[in-house]
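In: when you get a sec, could you give me coordinates for this:
(3 chains)
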Amino acid sequence: MQQNDTSINAVDDRLFSPDQAQRAIARGLYARVRNLPLICPHGHVNPLMLADEGYNWGTPVDVLIIPDHYIFRLLYSQGISLAALGIPRRGGDRTYAGIEADHRKIWRTACDHWYLFRGTPTGIWLREELRDVFGIALKISSATADAIYDMLQEKLDSPDFRPRRLFDRFKIEVLATTDAATDTLEHHQAIRVSGWGGRVIPTFRPDAVVNIDTEGWRANIDRLSAVSDIYVRNYASFIQALEQRRGFFKAQGATATDHAAQIAYTERLDETEAAALFDRALSGTATRDDAQRFTGHMLIEMARMSTEDGLVMQLHIGSHRDHNPEIFSLYGRDMGADIPITSEFTRNLKPLLDRFGNTPRLTLVLFNLDETTYSRELAPLAGHYPALRLGPPWWFFDSINGMRRYFDSVVETAGIYNLAGFNDDTRAFPSIPARHDLWRRVSADWLAGLIVQGIIDEEDADAMIIDLAYTLAKQTYHLGDSA
Amino acid sequence: MQQNDTSINAVDDRLFSPDQAQRAIARGLYARVRNLPLICPHGHVNPLMLADEGYNWGTPVDVLIIPDHYIFRLLYSQGISLAALGIPRRGGDRTYAGIEADHRKIWRTACDHWYLFRGTPTGIWLREELRDVFGIALKISSATADAIYDMLQEKLDSPDFRPRRLFDRFKIEVLATTDAATDTLEHHQAIRVSGWGGRVIPTFRPDAVVNIDTEGWRANIDRLSAVSDIYVRNYASFIQALEQRRGFFKAQGATATDHAAQIAYTERLDETEAAALFDRALSGTATRDDAQRFTGHMLIEMARMSTEDGLVMQLHIGSHRDHNPEIFSLYGRDMGADIPITSEFTRNLKPLLDRFGNTPRLTLVLFNLDETTYSRELAPLAGHYPALRLGPPWWFFDSINGMRRYFDSVVETAGIYNLAGFNDDTRAFPSIPARHDLWRRVSADWLAGLIVQGIIDEEDADAMIIDLAYTLAKQTYHLGDSA
Amino acid sequence: MQQNDTSINAVDDRLFSPDQAQRAIARGLYARVRNLPLICPHGHVNPLMLADEGYNWGTPVDVLIIPDHYIFRLLYSQGISLAALGIPRRGGDRTYAGIEADHRKIWRTACDHWYLFRGTPTGIWLREELRDVFGIALKISSATADAIYDMLQEKLDSPDFRPRRLFDRFKIEVLATTDAATDTLEHHQAIRVSGWGGRVIPTFRPDAVVNIDTEGWRANIDRLSAVSDIYVRNYASFIQALEQRRGFFKAQGATATDHAAQIAYTERLDETEAAALFDRALSGTATRDDAQRFTGHMLIEMARMSTEDGLVMQLHIGSHRDHNPEIFSLYGRDMGADIPITSEFTRNLKPLLDRFGNTPRLTLVLFNLDETTYSRELAPLAGHYPALRLGPPWWFFDSINGMRRYFDSVVETAGIYNLAGFNDDTRAFPSIPARHDLWRRVSADWLAGLIVQGIIDEEDADAMIIDLAYTLAKQTYHLGDSA
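Out: The predicted structure is shown next:
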């Protein structure tokens, strides 16, 4: 049963077409970019890791299982409880009765069920991460569980595997985190004054103060007042406080904002209506409809601010968060129970585009979990409006087939120059190289396919592979200048 | 024009990738499963065929054309009337003026137009069925029509081709039929007492008593009272009667129920509301909205019963039945005029999943005719909720491309262990081996593709091909124990 | 940087699978059809081009850039203004301040940004058009811009490149234009009396008089009265006038009508209601809802007329026209700002199909911009109703991947004989051969794929390639008889 995957290692053609002609071309294109620095313009790495020079990873389970809902989601679907995987309750409580505390045992449980990940990108990422980051070529299984655990623990305890060392080893040129509008960014400041050269920049994510139906919204507004030094007592001061925070983030190196909404609905309210609605929110009398309209209005307002301060605007659409009420009440958010819904952009984004779609001062990057919109709405929109760029396949679609379908669906209509390149969108720091590598391989193979079919020539492909792997992300997010 | 397909016969690599490396691997994987017994957990074979030891097939047209809406649907689309194909009117009347009675002539008509089936799974199934079941290697055409008809008739008249003989020859390990909740299952009982060893089990399908807008619902309720010996006079006795029937089906070997609805809407009514609604249905005053809410409620109620009696719950969503009123009024149901509609699961199934999604005591197998839900909703749901499994591609999607799109869309997110394996879902008994063979070939080729791309290794594929071809269906439907 | 694409020229296998076995078969199939005459049953070529024997093309920019929204759309998306591309303002004004008048400069701008078209069908079409129509094998780039411009201008000025000469050289068997119901078709008449043998026929497109919310509808009705000699004063005379125009178009060679609607909604109004609604439209008091219902009613009425006069009915669904108000107000329609929306056919078309779906006297060809409907709705509908045919992939989907997805999605359910073959749908006359060639290559390669997988045999493929490339379009549109 134990078996290392040397045979796969030996062939460095993984994820390429079996066709020999295409494979040879893909190999050549991939070689051009496999060692390029990594541009990471969107993700969820905790900046504390990089602020704390002596950061302690904890156990392999602390690094690879507990924070990764891609992994425990699938184990849970087959009847393994989150408690058995050591997942802490809401608020971080790990001592609740029944939560497994023996991390070696948790690791064995995961390895015993690792067959569940056959054919999944999560399985590929972890395999490549073990091999390329931690130098472990064993295939995960019940038989290898203990050996892998011990090897991992040894590496995690070694100074060579501290986050800053990995950051440098990974050749990360820039890493953007995602931070609440009310965050004071002390970790980012600590990194900048530390003398370490890594470029780690924040991203302004105001959802918790902009979406008035957020749990704890009123407290978030108070915190916004506090950190901005602007007393948010009405719509006008709310806008001022947001502008203050954007300025602060920009001063700390931010080049982008990020916004999430279940649907892409936008609507321009006049100032009187916006003010009245905000007052209702402050007094706790806003309706569900108010919340949707205010979010739709604020997306346009955020686009307006972006045209003024130049921050790239990202919009993530289509996730029904916290679908499972039992899991949510016990464990809280981001527990693998977010489920996509259908999306609509043509009508929903029109009010925003009517105002700012023709303005090159705005760059709006769209992310989405409904692949049907790729060819039907997103590519036609991005292939027309100067303000739009399409983000790479997101979340469930950050996968081999997800990328192939994306390329096949959007490029014929939008070209590649209306795309935003790649981002890894991960909180799993050690998985970053594996994720970029997957994108680079799939991109190279896709371009090789275009060559062997006579759609593009090698001169085109040589330029396109570098654009896809590196340049598009750097340009889209205005990352050309170092901080 | 006449030409047999020996050339295709000679190459046993059909449905495999043209790539030689992938093809060689696919061939090896397919060889591991091609002779495994068939697990048939869902279908529409008439149990009478297997209860009657001397069952008479009738003519080739009785076997292959008249009962198969996949076939006469496409002939009809090109202007061939159902009457010309011998399709009986509503109620089975075959003597209506204009209905062709000469079955050889009908067969010739079908063969004259067989080119319509080029590139369709229906065409492949019949080709393989003729060759592998009936030993006829001729290609269907006007020129071969008579010869094929004669050869078929000879076989059908032979004792070697009686259904029980075919059942054994096909190596069917278990065959589930689909039966109304009010069915008395006498054919199943006859099979069990006959001494013949074939395992033929019923499936509990209560749509006609649960969906209060069914034509003839009131009479169905009376029949339910009669067969259950529980007088259904209100909601409480209705539930009791259903539980009685489930118990009866289970005693007759059933391991599953089956439910169909146009949409996946679920809603939990409180007992008072459910009772009042049922009273309105009994008195003939229920509205269309009542009907939808009651179906939505009963799906949750059926899930509740499944958690208690352990019957696997199947749900078929998305068909607009009897779309063509002229065909429906003359010929009735299942006449090739059912057309899919869009489906939604994330919001619609939530009330059911809120109650039973985390319960491993429930297995809910979802079938669907809207492929866009595969990657967007179904795979994320099945990749999280312990209660969910995804059924194989259904109906129009039980095809080569349908299976490939299914694998490519669901496995990256849900893995293969949240799938329910294959079922043939057919009333065309002699086509069963061809349908399973198609699934097994496409599965083998898909796995071979993963190997040549370095996504999985051979050890993984060896396990996965057996799981896909055999084990997943057997486990999902609790068919491990013989009756 | 300068590089001609001889290498690609040399390989005449472009758009074929890299697999050598499939490629060899594709080459053979393509060879059977590459020189067949072109059937062009739907498009937007200006008939004036062919009426005027001495038609002057103008500059390369007049021919290739200004009229082609596929091209300027993508340039615009990357910040190049329409003015910089010489696009005239609404009404054709080219002298507005800022509109570039130097066509060589415009051409250079386009060539400087030609990399945007890498991997797009627009890029392929123009490459092949330059090479095969104009004999220019240079790759478009900044370095080759002037040379290509000069070579193009020389050809355009030559009598050998006048439209009629190209028509003959392209081997166009028949070309249908698209013409308003109120058009007097003088160019078509001029062509017919000219003695030139080319078959150029009109298509009856009544949207501007049928859709009561059309800008300028009232004036269109006056024009309808004038050209039909029937005073349209109520619904009855409106219907009479439309029937008169259909008769006139048919007399001028038309074999088809064409209708566009944002959604496929159909509804049968009774005569009283239709008349009252039409009166409201005449008096300017119709509502938005009136407009949708009247369009839905008139689609059924047009189907009724088709069953009587035999004109094939085309229906184009799913485009949100003029999405960008700034572009629309300055430049008008067809400026690359039409964006698709979701479509629904199963329920929307039912009222029309209830009346005429079973009638072989109707041929209704459906076009659509929502690919999800292919397998879910369109193929099941076309695989049942005798009246339905599916049009080829339209607009954004008239592409390599668009065609592949179309074949893979519709044929398994509908076969190829419920398809309408190909049409180029273009106003860019010199691009016609490149567009048909792309379809023929993709068709050949798709069929070759079926052969190498053992799905069809060579006998089938030999017939199917000719049907797809030529026969299906000719038969569907009743183009068998020369005018």
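In: smallest gap between chain A and chain C, at which residue?
Out: Distances between chain A and chain C by C-beta to the nearest C-beta are smallest at A:G454, namely 2.9 Å. The C-beta positions use only the backbone N, C-alpha and C, and glycine is treated the same way.
In: could you find the closest non-adjacent residue to that residue?
Out: Of all residues not flanking A:G454 in the chain, C:R14 sits nearest, at 2.9 Å (C-beta to C-beta, 6 or more residues apart in numbering or on different chains).
In: residue contacts, the one you found?
Out: Each residue near C:R14 by C-beta atoms under 8 Å, 6 or more residues apart in numbering or on different chains is listed here: A:Q453, A:G454, A:I455, C:I8, C:R441.
In: between those residues, which sits nearest B:A226?
Out: C:R441 (65.1 Å; C-beta to C-beta).
In: I'd say the closest one and C:F16 touch.
Out: Yes - C:R441 is in contact with C:F16 according to C-beta atoms under 8 Å; the separation is 6.8 Å.
In: okay, and the common contacts of these two?
Out: Contact criterion C-beta under 8 Å, 6+ apart; residues shared by C:R441 and C:F16: C:A26, C:Y30.
In: so A:Q314 versus A:P41, what's the distance?
Out: Using C-beta to C-beta, to the nearest Å, A:Q314 is found at 9 Å from A:P41.
In: quick one: the helices in the stretch 1-150 of chain A?
Out: Remark: helices assigned in the stretch 1-150 of chain A by DSSP state H, counting those that start in this stretch are A:6-10, A:20-33, A:48-51, A:60-64, A:69-77, A:103-112, A:121-128, A:145-156.
In: any idea which of those scores lowest on pLDDT?
Out: Mean pLDDT is lowest for helix A:6-10 among these, at a mean of 37.
In: possible to save the contacts of C:R14 as TSV with neighbour count and secondary structure?
Out: Shown next, in TSV, are the contacts of C:R14 (neighbours: other C-beta atoms under 10 Å in any protein chain shown; DSSP: H, G, I helix; E, B strand; the rest coil):
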residue	neighbour count	secondary structure
A:Q453	20	coil
A:G454	21	coil
A:I455	23	coil
C:I8	20	helix
C:R441	26	helix
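In: and of those, the nearest to chain B?
Out: Chain B has its nearest neighbour among the contacts of C:R14 in A:Q453, at 14.8 Å by C-beta to the nearest C-beta.
In: surely that closest one touches C:D19?
Out: No - between A:Q453 and C:D19 there is no contact under C-beta under 8 Å: 11.2 Å.
In: what about the closest residue to chain B within the stretch 151-300 of chain A, how many residues nearby?
Out: Residue nearest to chain B within the stretch 151-300 of chain A: A:Q262 (10.5 Å; C-beta to the nearest C-beta). Residues within reach of A:Q262, counting by other C-beta atoms under 10 Å in any protein chain shown, total 15.
In: next up, the contacts around it.
Out: So A:Q262 contacts A:I317, A:G318, A:S319, A:H320, A:R321, A:I341 (C-beta under 8 Å, 6+ apart).
In: for PyMOL, what selects the buried ones among those?
Out: Buried residues among the contacts of A:Q262 (16 or more other C-beta atoms under 10 Å in any protein chain shown), as a PyMOL selection:
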select buried, chain A and resi 317+318+319+320+341
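In: and chain B, which of the contacts of A:Q262 contact it?
Out: The residues of the contacts of A:Q262 that also fall near chain B, by C-beta under 8 Å from any C-beta of the partner chain, are A:H320, A:I341.
In: which one of the contacts of A:Q262 is nearest C:D334?
Out: Using C-beta to C-beta, A:I317 comes nearest to C:D334 of the contacts of A:Q262, at 29.0 Å.
In: wait, the closest one sits on A:E344?
Out: No - counting by C-beta under 8 Å, A:I317 does not reach A:E344; the two are 9.2 Å apart.
In: so what sits against both of those two?
Out: Residues touching both A:I317 and A:E344 by C-beta under 8 Å, 6+ apart: A:I263, A:A264.
In: quick one on the thing from earlier: distance of the residue of chain A closest to chain C relative to C:I124?
Out: To C:I124, A:G454 is 9 Å away according to C-beta to C-beta.
In: what touches both of those two?
Out: Shared contacts of A:G454 and C:I124 (C-beta under 8 Å, 6+ apart): none.
In: A:A281 versus the most far-flung residue of chain A relative to its centre, what's the distance?
Out: Most distant from the centre of chain A: A:T272, at 36.1 Å, with distances by C-alpha atoms, centre = their mean. Distance, A:T272 to A:A281, using C-beta to C-beta: 15 Å.
In: so what sits against both of A:Q314 and A:P41?
Out: A:A256.
In: tell me which helix or strand the residue sitting nearest the centre point of chain A sits in.
Out: By C-alpha atoms, centre = their mean, chain A has its centre lying nearest to A:D425, at 1.8 Å. A:D425 belongs to no helix or strand when assigned by DSSP states H and E.
In: next up, phi/psi of it, please.
Out: Taking degrees, to the nearest 10, you get phi 50, psi 30 for the backbone angles of A:D425.
In: residues touching it, list them.
Out: A:H42, A:G43, A:H44, A:W394, A:W395, A:D398.
In: reformat these as JSON lines; add neighbour count, distance to B:L390 and pLDDT.
Out: Shown next, in JSON lines, are the contacts of A:D425 (neighbours: other C-beta atoms under 10 Å in any protein chain shown; distance: C-beta to C-beta, whole Å; pLDDT from 0 to 100):
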{"residue": "A:H42", "neighbour count": "27", "distance to B:L390": "31", "pLDDT": "98"}
{"residue": "A:G43", "neighbour count": "19", "distance to B:L390": "30", "pLDDT": "98"}
{"residue": "A:H44", "neighbour count": "18", "distance to B:L390": "29", "pLDDT": "97"}
{"residue": "A:W394", "neighbour count": "21", "distance to B:L390": "22", "pLDDT": "98"}
{"residue": "A:W395", "neighbour count": "19", "distance to B:L390": "19", "pLDDT": "97"}
{"residue": "A:D398", "neighbour count": "23", "distance to B:L390": "21", "pLDDT": "97"}
